[in-house]
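1. sequence first, then the predicted structure, then my questions.
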Amino acid sequence: MKVKVISRSTDEFTRERSQDLQKVFRNYDPNLRTQEKAVEYTRALNAAKLEKIFARPFVGALEGHIDAVSCMAKNPNHLKGIFSGSMDGDVRLWDLANRKTVCQSLWVPSLRLWNVPDYRNKSPNDSAAMVPAAVYVWKHAFWGVDHQWGGNLFATVGAQVDIWDHERSEPVNTYKWGNDTVISVRFNPGEPDMLATSSSDRSIILYDLRMSSPARKLIMKTRCNSLSWNPMEPMNFTAANEDTNCYSYDARKLDEAKCVHGDHVSAVMDIDYSPTGREFVTGSYDRTVRIFNYNGDHSKEIYHTKRMQRVFCVKYSCDGTYVISGSDDTNLRLWKAKASEQLGVLLPRERRKQEYLDAVKDRYKHLPEVKRIVRHRHLPKPIYKAAALRRTMIEAERRKDQRRRAHSAPGSMPLVPFRKRRIIREEE
C-alpha cells in the first residue's frame with residue numbers, strides 16, 4: 001500500500017543566516033489582494049513624510065581660513081582630500097574624514113606645482129607647510145587653472161589660454177580668440193584633449209589640443225562664471241550663468257541648450273558634476289547650494305544655513321556621497337548628497353527596505369499628496385520673496401510676448417524657444 005505524505009526541508013521555510021526567523025509565504029494573486037494599490041500608496045505617503053523628517057544634510061564645517069573661500073580642487077586618487085584657496089592667498093589641503101587641515105601654503109603671484117603628501121597615516125593634529133615641486137612664471141596674470149585627466153598637461157587662463165607641461169618652463173601651446181579675459185577652464189574627463197573655457201565677453205569656447213586653433217565659440221547674452229563636463233557623457237557640459245540659470249549643452253550642437261536649470265534667484269557662481277553623471281551641484285550668490293538632476297528643470301535639494309553667505313565654490317566628493325561648499329564667511333561646509341541618507345553600515349535587510357521605499361515613492365510620485373510632500377522645501381524669507389518676484393516677472397514677460405505676437409502680422413514674430421533665446425550666435 002502506498003501512502004502520500006508532505007515532506008519539507010527546514011531550509012525551505014527558514015531565512016538565511018538565521019534559524020529562528022520563519023519565511024513569510026505570500027500569494028501575489030491580484031484577486032486575493034484587492035487593496036494592494038491602496039496599501040502601496042499609504043507606504044509611499046509615509047515614506048515621503050519620513051524622508052522629510054530625517055532630512056539632516058549638514059554634516060559639519062571646516063574652519064581655518066580667515067578670508068572668503070574662493071576656489072576648491074580635488075584629486076580623484078584621494079577620496080577624502082580636498083584643496084581650498086581663500087582670497088588672502090592661503091591654500092590648504094583638508095582631510096574630510098577628520099575635518100582637519102593636513103598642510104597649508106601661502107600663494108604668491110606665480111603658478112606652483114605640488115606633490116600631494118601622504119596623509120592617510122598622519123595624526124589629525126599634524127599639519128605641515130607644503131613645499132612646491134615646481135614654480136612657473138609667465139608674463140600674464142592667471143585667472144584659472146585645470147589639470148588634464150590622466151596626463152601631464154595643464155591649462156591656465158587669463159589674457160589667453162596657455163597649455164603647460166610639467167617638464168617645461170614655458171607653455172607648449174597658446175590659444176587666443178578675442179581680446180577679453182578668460183575666467184575659467186575645464187578639461188573633459190572622457191576626452192583628455194578637449195577643454196572648454198568661459199570668458200568675460202559672455203562666450204564659451206571649445207578647444208581641441210590636437211588642433212592649432214580653437215574649435216568653436218558660443219556667445220550668450222550673459223556671462224558664464226563656471227562650467228563642468230558630465231563625466232559619464234563626454235559630449236555634454238553645463239554652464240553656470242549670471243542670469244540665475246544653468247544651461248546644459250551638447251558640444252556637437254551648440255545652437256540650442258539641451259536643458260535649462262532654474263530656481264536660483266541670483267548669479268550662479270560655480271558648478272560641479274557628481275561622479276555618476278546623474279546630478280550636479282551649484283553654488284550661488286543668493287547664499288544657497290542646490291542639487292539638480294542632469295536633465296531636471298528644477299532643483300531637487302536646496303541647502304542653506306543662517307550664517308552661510310555668498311557661495312563662491314562647490315565640489316562633489318570623489319565617491320559622490322558628500323558635497324563641499326566654500327562661502328564668503330570663510331568656512332567650508334560638508335553636506336550629504338542625499339539629505340535623508342543614513343550614514344554608516346547598513347544591513348542587507350535595511351538596504352532592501354530602503355530600495356523598496358524609494359521604488360514605491362517613484363511609482364506614486366505623480367499623485368498630488370505625494371508630489372506636494374516630495375517637492376516642498378523650507379526657504380529663507382528673502383529667497384522665497386525673490387523667487388516669487390522672479391516668477392511674476394517671467395509670467396509678465398510671457399504674456400507680453402504673446403500679446404505682441406497676437407497683434408503682429410503673421411510670421412513677423414516667430415516663436416523662439418526659451419532654450420535658444422539666451423544664445424546670440426555661434427562661431428567656428
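-> Received, thanks. Numbers count the residues shown, from 1 in each chain.

2. report how many residues lie close to residue 219.
-> Neighbour count of residue 219, defined by other Cβ atoms under 10 Å: 16. All C-beta atoms are positioned from the backbone trio N, CA, C, and that covers glycine.

3. distance-wise, check residue 371 relative to residue 354.
-> 21 Å (Cβ to Cβ, to the nearest Å).

4. so in this structure, where's the weakest helix or strand by average pLDDT?
-> strand 128-129 (a mean of 60; mean pLDDT, DSSP states H and E).

5. next SSE downstream of that one?
-> strand 134-136 (DSSP states H and E).

6. toward the C-terminus, what is the element adjacent to that next one?
-> Per DSSP H and E, the first helix or strand lying C-terminal to strand 134-136 is strand 144-147.

7. by contact count, what packs against the longest helix seen in the chain?
-> Secondary structure assigned by DSSP state H gives helix 381-406 as the longest helix of the chain. The contact analysis (3 or more Cβ pairs under 8 Å, 6 or more residues apart in numbering; DSSP states H and E) places helix 381-406 against no helix or strand.

8. buried stuff in that helix?
-> By 16 or more other Cβ atoms under 10 Å, the buried positions in helix 381-406 come out as 383, 386, 387, 390.

9. that one - what's its average pLDDT?
-> On average, the pLDDT along helix 381-406 is 93.

10. what do you get for stretch 111-118?
-> Mean per-residue pLDDT for stretch 111-118: 77.

11. buried residues in it?
-> residue 111.

12. just the CA trace of that stretch, in CSV.
-> Extracted in CSV, the C-alpha atoms of stretch 111-118 (Å, rounded to 0.1, in the frame of the first residue of the first chain):
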residue,chain,number,x,y,z
LEU,A,111,52.0,79.1,-10.9
ARG,A,112,53.1,76.3,-8.5
LEU,A,113,53.1,72.5,-8.7
TRP,A,114,52.8,70.5,-5.5
ASN,A,115,53.1,66.8,-4.8
VAL,A,116,50.2,65.6,-2.7
PRO,A,117,51.5,64.4,0.7
ASP,A,118,50.6,61.0,2.1
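
13. which residues does that stretch contact?
-> Residues outside stretch 111-118 that contact it (Cβ atoms under 8 Å, 6 or more residues apart in numbering) are 75, 78, 81, 93, 102-103, 105, 128, 130-138, 142, 145, 156, 164, 166.

14. for stretch 47-59, the distance to its chain's centre please.
-> How far stretch 47-59 lies from its chain's middle: 20 Å, per Cα atoms, centre = their mean, to the nearest Å.

15. endpoint to endpoint, that stretch covers what distance?
-> End-to-end span of stretch 47-59 (Cα to Cα, to the nearest Å): 23 Å.

16. what mean pLDDT does it get?
-> Average pLDDT, stretch 47-59: 93.

17. with stretch 287-305 instead?
-> The predicted model assigns stretch 287-305 a mean pLDDT of 93.

18. pull out the buried positions in it.
-> For stretch 287-305, by 16+ other Cβ under 10 Å, it's 287-292, 294, 296, 299-305.

19. can you give me the helices in the stretch 101-250 of the chain?
-> Per DSSP state H, counting those that start in this stretch, the stretch 101-250 of the chain carries no helices over any range.

20. so, low pLDDT: which residues of it?
-> For the stretch 101-250 of the chain, residues meeting the criterion pLDDT under 70 lie at 117-130.

21. try 90
-> Applying pLDDT under 90 to the stretch 101-250 of the chain flags the ranges 102-142, 149-152, 158-159, 166-170, 176-181, 190, 192, 210-215.

22. now residue 338: which helix or strand?
-> In the assignment (DSSP H and E), residue 338 maps to no helix and no strand.

23. who's in contact with the spatially closest residue to residue 231 that is not a sequence neighbour?
-> Computed as Cβ to Cβ, 6 or more residues apart in numbering, the closest residue to residue 231 that is not its neighbour in sequence is residue 189, at 4.6 Å. Contact analysis of residue 189 by Cβ under 8 Å, 6+ apart lists 149, 229, 231, 234.

24. again with residue 273
-> The contact partners of residue 273, taken as Cβ under 8 Å, 6+ apart, are 228, 229, 230, 231, 238, 279, 280, 294, 316.

25. before we move on, back to that, farthest-apart pair in the buried residues of stretch 287-305, please.
-> Maximum pairwise distance among those (Cβ to Cβ): 26.1 Å, between 294 and 305.

26. residue 271 bridge partners, please.
-> On the basis of DSSP bridges, residue 271 is bridged to residue 282.

27. now do the contacts for it.
-> Residue 271 makes contacts with 226, 227, 228, 238, 239, 240, 246, 280, 281, 282, 283, 314, as judged by Cβ under 8 Å, 6+ apart.

28. report how many residues lie close to the closest residue to the last one other than its chain neighbours.
-> Nearest residue to residue 314, sequence neighbours excluded (Cβ to Cβ, 6+ apart): residue 283, at 3.9 Å. Number of residues near residue 283 (other Cβ under 10 Å) recorded here: 32.

29. next one: residue 283 from residue 161, what distance?
-> Counting by Cβ to Cβ, the gap from residue 283 to residue 161 is 24 Å.

30. and what of residue 244?
-> Plainly put, residue 244 is 27 Å away from residue 161 if you go by Cβ to Cβ.
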